[in-house]
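In: just need the structure, nothing else, for what follows:
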Amino acid sequence: MERLNDLEPGIRSIVKDFIESGRPSVRQQSYQDRRQGYVQSVVLAGEAEPIWEITDHMIDSIPLRIYRPSYASNLPVMIYYHGGCFVSGDFTTHDRQLRALANKGNSIVVAVDYRLAPEHAYPAAHDDAYKAALIVREHAVSWGGNPNDITLAGDSAGGHIALVTSLRLKAQKEWMPTRQILIYPMLDASGSSESYQRYGDDYVITRDALLSGFEAYFGDIPSEHPEASPIQRSDLEGLPYTHILLAEFDPLADEGEMLYRRLLEAGVGVECRKYFGVNHGFFQLAGISGAARTAIQDVASIMKSKQ
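Out: Numbers count the residues shown, from 1 in each chain. Below you'll find the model as predicted:
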C-alpha cells in the first residue's frame, strides 16, 4: 500500500498486520466475535487513569456509568455515546478514554449503554439515547453536574446518535445541549462518498465494517431516511455549537467535512479538526497514537470552553 508511510508508527503497525492477514472482513464474523474483538482492543487505549469516583446506575431501563473527577458540584456534564457501528461497544471499550476526559476536562462524564443491533433494531439505540439525555438533565445536580451545561458527544455510531439526539431535542423545543462533539460520526448509510472508496479497504475499520453496522441496525429502512443518514437533512439550523473531529485515513472523512459545510450553511457555530496519519477509531488508541492523546486533550479543552 503506497501510503503506509504516511501513517503514525503505531497505526502503521496495526494496518500492516491487517493487510498482511488478508484484510479479513467482519462479514465473516459473528456479532459476538466482533464485540469480543472490540473489548480485546482496549489494551491499545493506554493505561486506565485513576479517577475520584465511578458509579453504575440503571434508570428507566437505561444503563449509565458516571465518571466524577472530584467531589465538586456544578461541573460541566458530557453525555457520551460509544462507537461500535451500532453492533458493538459498551462501558468496557470506552472506559479509559472517558476516565481521561472526566479528569482532563474537569467534567462529569455519563456513558450510555444503549441497545445494540441486530438484537435491537432501529429505533432502539436512538430511543435509548434520547431517553438518557432527559434522564441526565433531570439528575445532573445530584451527580455534581450543571444541568445548563450539557454536552452530547460520541464517536462513530455514537457521533451519529449524538447528532440525532440533538435534532430530536430541538424538535421537542424543551431544552438543548450547550454543545455537541462528534468524533468521526457515521452520517451516510449509503456509504457513497469518495473517501469510502479511498480508505474503505486497508485501514482496519473498513467499508464492510461500517456498512454492515448500518444494515444490521436499520435493516430495510431506506438509506435516505432522516435518522439513518442525518447528513442529508435540511433542518440543521438551530443546533448547538458543534465540534467535529475527523481522521485522515477514514472512510467517513468526506461526510464529516460535508457536515461541517452543511452546518455552516445552516448558521450553526461549528469547528472541524482533522488528525493526520491516523485511521477511523484512533480516538481509542491513545496507547499507541500521539494524535489520539492530542485529540483526548482537545476534547477535554472543549469541555472547559464557553462554546
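In: looks to me like Phe214 is in a strand.
Out: No: counting by DSSP: H, G, I helix; E, B strand; the rest coil, Phe214 is not part of a strand but helix.
In: give me the neighbour count for it.
Out: 25 (other C-beta atoms under 10 Å). Just so you know, the C-beta spots here come from the backbone N, C-alpha and C atoms, and that holds for glycine as well.
In: contacts only, for it.
Out: Cys85, Phe86, Met186, Ala189, Gly191, Ser223, Ala228 (C-beta atoms under 8 Å, 6 or more residues apart in numbering).
In: one more time with 10 Å
Out: If a contact means C-beta atoms under 10 Å, 6 or more residues apart in numbering, then Phe214 has 85-87, 117, 122, 157, 160, 186, 188-191, 221, 223, 228-229 as its contacts.
In: what of Gln180?
Out: 79, 150-154, 159, 162-163, 165-166, 239-244, 268, 270.
In: packing partners for the strand or helix carrying Ala247?
Out: Ala247 is part of strand 241-249 when elements are defined by DSSP states H and E. With contacts defined as 3 or more C-beta pairs under 10 Å, 6 or more residues apart in numbering; DSSP states H and E, strand 241-249 has these neighbours: helix 9-20, strand 145-155, helix 157-172, strand 179-183, helix 194-199, helix 253-265, strand 270-279, helix 290-304.
In: any idea how far Asp128 lies from Phe214?
Out: Using C-beta to C-beta, to the nearest Å, Asp128 is found at 18 Å from Phe214.
In: for stretch 50-63, buried residues please.
Out: Of all the residues in stretch 50-63, those buried under the rule 16 or more other C-beta atoms under 10 Å are Ile51, Ile54, Ile62, Pro63.
In: per-residue confidence averaged over it?
Out: Per-residue pLDDT over stretch 50-63 has a mean of 98.
In: for the remainder of this discussion, apply numbering that starts at 28.
Out: All right, first residue 28 from here; so that's stretch 77-90.
In: thought Phe113 was touching Gly185?
Out: Yes: when contacts are counted by C-beta atoms under 10 Å, Phe113 is listed as touching Gly185 (9.5 Å).
In: what touches both of the two?
Out: Common contact partners of Phe113 and Gly185 (C-beta under 10 Å, 6+ apart): Tyr141, Ala152, Met213.
In: so which residue is smack in the middle of the chain?
Out: Asp182 (1.2 Å; C-alpha atoms, centre = their mean).
In: that one contacts Gly116, correct?
Out: Yes: with contact defined as C-beta under 10 Å, Asp182 reaches Gly116; the gap is 8.9 Å.
In: quickly list what's touching both of these two.
Out: Taking C-beta under 10 Å, 6+ apart as the criterion, Asp182 and Gly116 both touch Tyr108, His109, Gly110, Gln311.
In: the nearest residue to the second one once chain neighbours are set aside: how many residues sit nearby?
Out: Across the structure, with C-beta to C-beta, 6 or more residues apart in numbering as the measure, the residue nearest His109 apart from its sequence neighbours is Gly116 (4.1 Å). The burial metric for Gly116, expressed as a neighbour count using other C-beta under 10 Å, is 26.
In: how close does Gly116 sit to Phe303?
Out: From Gly116 over to Phe303 the distance is 25 Å, taken as C-beta to C-beta.
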